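Trainee: Coordinates for the following, if possible.
(chains A, B, C and D)
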Protein chains: 2
Amino acid sequence: MPSSTQTRNNLLGVARKHLAQRGYHGTSLAAVSGELGLTKQALLHYFKSKDLLYAAVLEQLGAELLELLFAAMQEGETAEHQLEGFFEALTTQGLSQPAGLSLVLRDLMDFQGRGLGPDQGNWPLQSFFEPLIALIQATQRWQGAGFAEALSVASQMLGAICLFPSAQGAFSNRFGPGAVDQVRRTFLLQTQDLVIGRLR
Amino acid sequence: MPSSTQTRNNLLGVARKHLAQRGYHGTSLAAVSGELGLTKQALLHYFKSKDLLYAAVLEQLGAELLELLFAAMQEGETAEHQLEGFFEALTTQGLSQPAGLSLVLRDLMDFQGRGLGPDQGNWPLQSFFEPLIALIQATQRWQGAGFAEALSVASQMLGAICLFPSAQGAFSNRFGPGAVDQVRRTFLLQTQDLVIGRLR
DNA sequence: CAGCGCTCTTACCATATGGTAGGTTGATTT
DNA sequence: AAATCAACCTACCATATGGTAAGAGCGCTG
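Mentor: All right, here's what the predicted structure looks like:
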């Protein structure tokens, strides 16, 4: 018998999976709660609306990303090393659990399509993007460059890293699971190459 | 008074925009047709179902991408030059008309979430991906590498190129339109750097 | 033991959505 | 002039969805 916070966390996890795979509009509260043997009203008991559920998922994701970034920042010495460590960790984790990466992509793409309500000033991923961009600006190569250059580099790297894990299903279907397995084996090295190439 | 093919093309264009901005599930036939002053039955007259509309949009997109690729292949000499030309053209066009790039991302991500019906063996973007991957394999650097390496590189580059144009709205809202305008000015160069760095 | 709050359920409801059926209009063909 | 066909529209339907209202079971506390 799961406890209250257990149930909430389970809902959060299933919601993340569904939101990552099908997007906001393709995710139904009944499907999420049903996967745990609950009704959608149980879900609405914990998260008062679909928007708030989405916000909670994104907030958790933002915290995880921030944690990953800070962990890499404490480990590495130079900004370059810190960034390389972060992107390596992000890639490694994203290959096995692509939901987070898919959510990042989806959240960035879906903005135009959703009102976002009164969240205007409160974007859960902002607290992750800002130090990431700042860290890029702290590298020797991008030191003199402005915020725009750093944002450009950040979006390039995130795009390069997030797409394949998020598209594993599609690629597996179109090019065969064997090919995808092979890519999974080389993708981390490829990403490290790309990151180093952009930072030095 | 628009002709028949005009109306169909208009519908296709509006549908592309909606599908790119809101995704498959977030796009309603009524909204698409309503933007042209038509009812959704007019849309269903041209495209028998929502799935077929989506397929038509994707097919058109696949043809455009293929055309862009072939144009670059006729212009450049070495595979490297051809790829650089193609990605440059893709970036330039994507910055001003991001709908296509968003659709590429969305189609790759949405696979797990949709049955795809009987399209199993017929993926409109396949005819674009295959020559692109083949062209990567034709470069000196990736000549010895297998299909998987080339697919890995392709998905990295596409991700790097597609994310920012698709996320302009989000970034503009979160970091201000000024920052986004600045990125737009540097993004092409950044992308060229990245492509060259991955190909040579 | 009475009351209370938490967790979750059964009933509902309003709305939106994809899709069908059948008609109307106008141009083209025979 | 009659028939045909494309290009729409009105009417309608079944379903899914987010959300509300109210209550049942149950552990905890006074």
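
Trainee: Report how many residues lie close to the closest residue to DNA strand C within chain A.
Mentor: Of all residues in chain A, the one sitting closest to DNA strand C is A:Ser4 (2.6 Å; CB to the nearest atom of the strand). Using the backbone N, CA and C atoms, a C-beta is placed for each residue, glycine as well. Counted with other CB atoms under 10 Å in any protein chain shown, the neighbours of A:Ser4 add up to 9.

Trainee: pLDDT at it, what is it?
Mentor: On pLDDT, A:Ser4 comes in at 82.

Trainee: Quick check: the gap between it and A:Asn10.
Mentor: Computed with CB to CB, to the nearest Å, the distance linking A:Ser4 and A:Asn10 is 11 Å.

Trainee: Identify the residues contacting the closest residue to A:Met109 other than its chain neighbours.
Mentor: Spatially, and ignoring its direct neighbours in sequence, A:Met109 is nearest to B:Ser166 (4.9 Å; CB to CB, 6 or more residues apart in numbering or on different chains). For B:Ser166, the contacting residues are A:Leu108, A:Met109, B:Ala20, B:Pro98, B:Leu101, B:Ser102, B:Leu105, by CB atoms under 8 Å, 6 or more residues apart in numbering or on different chains.

Trainee: Look at the nearest residue to A:Ala138 once chain neighbours are set aside and say how many residues are nearby.
Mentor: Spatial nearest neighbour of A:Ala138, chain neighbours left out: A:Ala79 (3.9 Å); criterion: CB to CB, 6+ apart. The tally of other residues near A:Ala79 (other CB under 10 Å) stands at 20.

Trainee: Could you verify my assumption that A:Ala79 touches A:Leu135?
Mentor: Yes: at 5.5 Å, A:Ala79 counts as touching A:Leu135 under the criterion of CB atoms under 8 Å.

Trainee: which element is the closest residue to A:Phe86 other than its chain neighbours on?
Mentor: On the basis of CB to CB, 6+ apart, the spatially nearest residue to A:Phe86 that is not a chain neighbour turns out to be A:Ala72, at 3.7 Å. Element membership of A:Ala72, judged by DSSP states H and E, is helix A:50-75.

Trainee: So is that helix next to DNA strand C?
Mentor: No: counting by CB under 7 Å from any atom of the strand, DNA strand C is not contacted by helix A:50-75; separation bottoms out at 13.2 Å.

Trainee: For the residue nearest to A:Phe86, which residues are in contact?
Mentor: Under the criterion of CB under 8 Å, 6+ apart, the contact partners of A:Ala72 comprise A:Gln82, A:Leu83, A:Gly85, A:Phe86, A:Ala89.

Trainee: From those residues, pick the one nearest B:Gln192.
Mentor: Using CB to CB, A:Leu83 is the member of these that sits closest to B:Gln192, with 21.3 Å.

Trainee: where does the closest one land in three-state SS?
Mentor: Reduced to three states with DSSP: H, G, I helix; E, B strand; the rest coil, the structure at A:Leu83 is helix.

Trainee: what's the distance between it and A:Leu69?
Mentor: Here the distance between A:Leu83 and A:Leu69 works out to 9 Å (CB to CB).

Trainee: Overlap in contacts, the two.
Mentor: Common contacts of A:Leu83 and A:Leu69, defined by CB under 8 Å, 6+ apart, comprise A:Leu135.

Trainee: who's more crowded, the two?
Mentor: Neighbour count, other CB under 10 Å: between A:Leu83 and A:Leu69, A:Leu83 has more, with 26 against 23.

Trainee: So A:Gln190: helix, strand or coil?
Mentor: A:Gln190 ends up helix, using three-state DSSP.

Trainee: what about it, how many residues close to it?
Mentor: 21.

Trainee: which bits of chain A sit near DNA strand C?
Mentor: Residues of chain A lying near DNA strand C by CB under 7 Å from any atom of the strand: A:Pro2, A:Ser4, A:Thr7, A:Ser33, A:Gly37, A:Leu38, A:Thr39, A:Gln41, A:Ala42, A:His45, A:Tyr46.

Trainee: Show me the residues you listed that map onto helices.
Mentor: A:Ser4, A:Thr7, A:Ser33, A:Gln41, A:Ala42, A:His45, A:Tyr46 (DSSP state H).

Trainee: and A:Met73, what does it touch?
Mentor: By CB under 8 Å, 6+ apart, the contact set of A:Met73 is A:Gln82, A:Phe86, A:Pro131, A:Leu135.

Trainee: Roughly how far does it sit from chain B?
Mentor: As judged by CB to the nearest CB, to the nearest Å, A:Met73 and chain B stand 21 Å apart.

Trainee: Ok, A:Leu29 next?
Mentor: 14 Å.

Trainee: cool, A:Leu163 as well?
Mentor: Distance of A:Leu163 to chain B, given as CB to the nearest CB: 3 Å.

Trainee: okay, now that residue: neighbour count?
Mentor: By other CB under 10 Å, the burial measure for A:Leu163, its neighbour count, is 28.

Trainee: residues touching the closest residue to A:Gln82 other than its chain neighbours, list them.
Mentor: Once its chain neighbours are removed from consideration, A:Gln82 has its nearest residue in A:Gly76; the separation is 3.6 Å (CB to CB, 6+ apart). Listed by CB under 8 Å, 6+ apart, the contact partners of A:Gly76 are A:Gln82, A:Leu83, A:Glu84, A:Gly85.

Trainee: between these, which is closest to A:Val183?
Mentor: Nearest to A:Val183 out of the contacts of A:Gly76 is A:Glu84 (CB to CB; 20.6 Å).

Trainee: so where's chain A shaky on pLDDT?
Mentor: Counting by pLDDT under 70, chain A has low-confidence residues at A:1, A:113, A:115-121.

Trainee: near DNA strand D, which residues of it?
Mentor: Remark: the part of chain A in contact with DNA strand D comprises A:Thr27, A:Ser28, A:Leu29, A:Ala30, A:Ala31, A:Lys40, A:Gln41, A:Leu44, A:Lys48, A:Ser49, A:Lys50, A:Asp51, using CB under 7 Å from any atom of the strand.

Trainee: Could you dump these into JSON lines and include neighbour count?
Mentor: Below are those laid out as JSON lines (neighbours: other CB atoms under 10 Å in any protein chain shown):
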{"residue": "A:Thr27", "neighbour count": "24"}
{"residue": "A:Ser28", "neighbour count": "14"}
{"residue": "A:Leu29", "neighbour count": "20"}
{"residue": "A:Ala30", "neighbour count": "13"}
{"residue": "A:Ala31", "neighbour count": "14"}
{"residue": "A:Lys40", "neighbour count": "15"}
{"residue": "A:Gln41", "neighbour count": "10"}
{"residue": "A:Leu44", "neighbour count": "15"}
{"residue": "A:Lys48", "neighbour count": "10"}
{"residue": "A:Ser49", "neighbour count": "11"}
{"residue": "A:Lys50", "neighbour count": "19"}
{"residue": "A:Asp51", "neighbour count": "16"}
